[in-house]
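S.K.: Need the 3D shape of this:
(2 chains)
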There are 2 protein chains.
Amino acid sequence: MKLTCARELLNHAVQTVQKAVAAKATLPILSGIYMSAKDNKLELQATDYEIGIKCAIDAQVDIPGQIVLSGRYFQELVKRLPGELVGIASSTEDRTIKITAGNSQFNLLSLPAEEFPVLKPLFEKNTTINTLAIKDNVLRDLIKRTIFACATEESRPIFTGALLESTDKDVRMVATNTHRLALKKSILENMNNDENKLKIVIPSKVLNELARLLTSELPVDVHICWEKNKVAFSFEDVYLESRLIEGQYPDYNRVIPPQFGTTATINTALFMDAVERVSLMAKDGEYNVIKFQFNSDEVIITSNNPDVGKAYETVPVITEGTEIAIAFNAKYITDILKNIGTPELHFSLNTPLSPASIKPVNDENYIYIITPVRTS
Amino acid sequence: MKLTCARELLNHAVQTVQKAVAAKATLPILSGIYMSAKDNKLELQATDYEIGIKCAIDAQVDIPGQIVLSGRYFQELVKRLPGELVGIASSTEDRTIKITAGNSQFNLLSLPAEEFPVLKPLFEKNTTINTLAIKDNVLRDLIKRTIFACATEESRPIFTGALLESTDKDVRMVATNTHRLALKKSILENMNNDENKLKIVIPSKVLNELARLLTSELPVDVHICWEKNKVAFSFEDVYLESRLIEGQYPDYNRVIPPQFGTTATINTALFMDAVERVSLMAKDGEYNVIKFQFNSDEVIITSNNPDVGKAYETVPVITEGTEIAIAFNAKYITDILKNIGTPELHFSLNTPLSPASIKPVNDENYIYIITPVRTS
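M.R.: Residues are numbered from 1 along each chain as shown, chains lettered A, B, ... in the order given. Alright, predicted model coming up:
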């Protein structure tokens, strides 16, 4: 292999695939970045079998070929190389790869390229595959507004992922840890009304990585393909695939109360600041519990930590319906306030022990359900 | 105690004393911030017996008094309080302190103020005390350009601190871990020629904290007072005192070679980038060793890690004297390049096994001595 490419493009490609390089590789080859050069393209890929990422860039390819370099060292090096062009050439004498740029010359040991489990893109394998196209900013929004609600502990794997589902008129993402649930919908204009509805559960860490890569300045299409155990996202020069989490995702529609007896309209920023201050006094308490008293024109927020002290805050609200006292895990409230994205919200409640909802004002496509805490 | 003060001033004072709050307090009272209010001043202080910090701010004091609040909670709370004014009042009924701001009200449990080891400023105790005044930007520069050379492991405590010394014409700071040494001098115009010469060793973590607080926009005087076991720095509204490290600091003048057989003049930025790249291939090697070949018009920098690969860089230099091959711990080189602060430097050497020096071009008041590594 022998090629020349732009340093910035190479750095972009290395940073793109880097998160799929296995951190603690049981198989040494998975700690590497695979590079394949032909037809004036250089394609990089990495996989740890949960997530696989490919990125292709332009290059002047003098001799085609495939190599694998240590992901860790190659990444650190490419980030620091001088000048605008980088040369990559495999030695004919030994297993080293020569990297040149400006006055720098590095000879990196390579790993055996034939051992690398090269990704087989879903859409190439199967022409009758399920597909769906969605704009990158829409997909990023679905992820960002729900993913924080996933479970972090592994005891029930299905909840460590988020559900991506398509219906006749929208695409939606749902995440829950069974104590709180976030649902975000996006209406698709050109919805495909055929049989192949999407309903898959994707690991939250893959979705976080995907959201990090969805950063185009102008909206681009993300093509989603899926089969029984895998999903792939392809956009611009990037292909990302992930294993799916198996199992039955619960019927989230049953968790959303059809109506509420009380709805308060609240300024998001004022509410956020007050909840954060009150939760300071709840930090060492059981379950981080803070109490809310919704009155007609204010919500009183309190906490009491016998070792530290008491907090008392009021925030103006407009409440319709019955006044109610209720308690929540403070973190479950601040999580949604950080992600809601509108200056005002509706906080809707029924009884002190039944699920409540938080929704943006004027947005029917985003809802957050939260279970209260029983206090004595 | 009952007072009102500006939230921003209170936050400044709390952040100033915060680093002296004991993190793992063997004595619970040391986890607190002591506050004393009288004569329209509120004074905060904290100490962990190694470092003590006081900060005084204006306040409208209605009832004078002293209280101690948990440093951790008070700091988190003050940072987040709304509005411009904060009220602080001790309860007449129990041990709680009421903090009010905007619509927020907090009742914090207090610690017994009479147990707090209140700082006794050195200059109040003793009118014949040793003192020296120095501009804050000068002192900050002395610290920043030397402190990184201190030892981090505790096996020889004297090297975990830096020497602060005054002579007839300058003030200087010296730090070493015995493998490398940094010396920075500052000429003082109004040097006091009396007997009381400064020669003390201050813990590096106290100096780091001091440098963090020396951030005035216009130069201000820092008054330094010292006695056998203690030093105090006082500037603007801050008083900081530290224990001294006991023991004999070695004669650093003996470490500085009187002359060199080779001196290379190098562009700092180009040299830094090349050394950083070459050190990538040295990371897992013994002692992080990289090699330098100083020729008349270039320095060749190389490393070789049998598990990773080889690096080869050249940087243009102007070398006067003998050509020489030598090896150093790469970290000891990058540390000084990050702190040297001039676009060009002189790298001076004698033999492959004798100490070398790195100095800024056109600055006789800063020198860094580094011991080479023997390679086979």
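
S.K.: could you pull out the helices for the stretch 251-376 of chain A?
M.R.: A:268-280, A:330-339 (DSSP state H, counting those that start in this stretch).

S.K.: out of these, which comes closest to A:E298?
M.R.: Closest approach to A:E298 among the helices of the stretch 251-376 of chain A (CB to CB): helix A:268-280, 10.7 Å. For glycine as for every other residue, the C-beta is placed from the backbone atoms N, C-alpha and C.

S.K.: What residues does the stretch 151-300 of chain A have near chain B?
M.R.: Residues of the stretch 151-300 of chain A lying near chain B by CB under 8 Å from any CB of the partner chain: A:273-274, A:276-277, A:280-281.

S.K.: Next one, pLDDT for the residue in the stretch 1-150 of chain A that chain B sits nearest to please.
M.R.: Nearest residue of the stretch 1-150 of chain A to chain B, counting by CB to the nearest CB: A:L108, 3.9 Å away. In this prediction, A:L108 carries a pLDDT score of 96.

S.K.: In CSV, list the residues of the stretch 151-300 of chain A next to chain B along with pLDDT and neighbour count.
M.R.: Output for these, formatted as CSV (pLDDT from 0 to 100; neighbours: other CB atoms under 10 Å in any protein chain shown):
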residue, pLDDT, neighbour count
A:D273, 96, 19
A:A274, 97, 26
A:E276, 95, 17
A:R277, 96, 22
A:L280, 91, 22
A:M281, 90, 26
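
S.K.: Among the residues you listed, find me the one that's closest to A:A23.
M.R.: Using CB to CB, those come closest to A:A23 at A:E276, 33.0 Å.

S.K.: tell me the contacts of that closest one?
M.R.: For A:E276, the contact set (CB atoms under 8 Å, 6 or more residues apart in numbering or on different chains) comprises A:334, B:80.

S.K.: how many neighbours does A:I97 have?
M.R.: Burial of A:I97 is recorded as 21 neighbouring residues (other CB atoms under 10 Å in any protein chain shown).

S.K.: which residues in the stretch 151-300 of chain A form strands?
M.R.: For the stretch 151-300 of chain A, strands defined by DSSP state E, counting those that start in this stretch occupy the ranges A:161-166, A:170-176, A:180-187, A:199-203, A:221-226, A:230-235, A:238-243, A:262-267, A:289-294, A:298-305.

S.K.: low-confidence ranges in the stretch 101-250 of chain A?
M.R.: Applying pLDDT under 70 to the stretch 101-250 of chain A flags the ranges A:124-128, A:190-196.

S.K.: and the stretch 1-150 of chain A, which of its residues are near chain B?
M.R.: Contacts of the stretch 1-150 of chain A with chain B, taken as CB under 8 Å from any CB, map to A:70, A:73, A:76-77, A:80-82, A:96, A:103-109.

S.K.: After the helix or strand harbouring A:L42, which helix or strand is next? Please name it.
M.R.: Using DSSP states H and E, the element containing A:L42 is strand A:41-47. Once strand A:41-47 ends, the next helix or strand along the chain (criterion: DSSP H and E) is strand A:51-58.

S.K.: What residues are bridge-paired with A:G65?
M.R.: Beta-bridge partners for A:G65, by DSSP bridges, are A:A37.

S.K.: Pretty sure it sits against A:E43.
M.R.: No - using CB atoms under 8 Å, A:G65 is not in contact with A:E43, being 11.9 Å away.

S.K.: neighbour count winner among these two?
M.R.: Set A:G65 next to A:E43 and count neighbours by other CB under 10 Å: A:E43 wins out with 21 against 16.

S.K.: Specify the beta-bridge partners of the residue of the stretch 1-150 of chain A closest to chain B.
M.R.: Taking DSSP bridges, one obtains A:I97, B:G309 as the residues bridged to A:L108.

S.K.: what residues are up against it?
M.R.: Going by CB under 8 Å, 6+ apart, A:L108 touches A:69-70, A:73-74, A:77, A:96-97, A:99, B:308-309.

S.K.: picking that back up, of the residues of the stretch 1-150 of chain A next to chain B, which belong to strands?
M.R.: A:70, A:96, A:104-109 (DSSP state E).

S.K.: Closest one to A:G261 out of the residues you listed, please.
M.R.: Distance to A:G261 across these (CB to CB) is lowest for A:S70, with 60.9 Å.

S.K.: gap between the residue lying closest to the closest one once chain neighbours are set aside and A:Q18?
M.R.: Spatially, and ignoring its direct neighbours in sequence, A:S70 is nearest to A:G32 (5.9 Å; CB to CB, 6 or more residues apart in numbering or on different chains). Between A:G32 and A:Q18 the computed distance is 12 Å (CB to CB, to the nearest Å).

S.K.: again, but for A:K184
M.R.: For A:K184 relative to A:Q18 (CB to CB), the value is 28 Å.

S.K.: more crowded one of those two?
M.R.: A:K184 (25 against 19).

S.K.: For that one, which residues are in contact?
M.R.: Going by CB under 8 Å, 6+ apart, A:K184 touches A:141-142, A:145-146, A:172-173, A:365-366.

S.K.: List only buried entries from those.
M.R.: Neighbour counting with 16 or more other CB atoms under 10 Å in any protein chain shown marks A:141-142, A:145-146, A:172-173, A:365-366 as buried within the contacts of A:K184.

S.K.: Tabulate those residues (a markdown table), appending distance to B:E236.
M.R.: Output for these, formatted as a markdown table (distance: CB to CB, whole Å):
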| residue | distance to B:E236 |
| --- | --- |
| A:D141 | 48 |
| A:L142 | 52 |
| A:R145 | 46 |
| A:T146 | 49 |
| A:R172 | 57 |
| A:M173 | 53 |
| A:N365 | 54 |
| A:Y366 | 49 |
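
S.K.: what number of residues lie near the residue of the stretch 201-350 of chain A found nearest chain B?
M.R.: Ranking the residues of the stretch 201-350 of chain A by distance to chain B (CB to the nearest CB) places A:G309 first, at 3.9 Å. For A:G309, the neighbour count with other CB under 10 Å is 24.

S.K.: Is it correct that it is in contact with B:F74?
M.R.: No - if you go by CB under 8 Å, A:G309 and B:F74 don't touch, sitting 9.8 Å apart.

S.K.: Tell me what the residue nearest to A:I340 when sequence neighbours are not counted is bridged to.
M.R.: Spatially, and ignoring its direct neighbours in sequence, A:I340 is nearest to A:P360 (5.4 Å; CB to CB, 6+ apart). Under DSSP bridges, the beta-bridge partners of A:P360 are A:L345.
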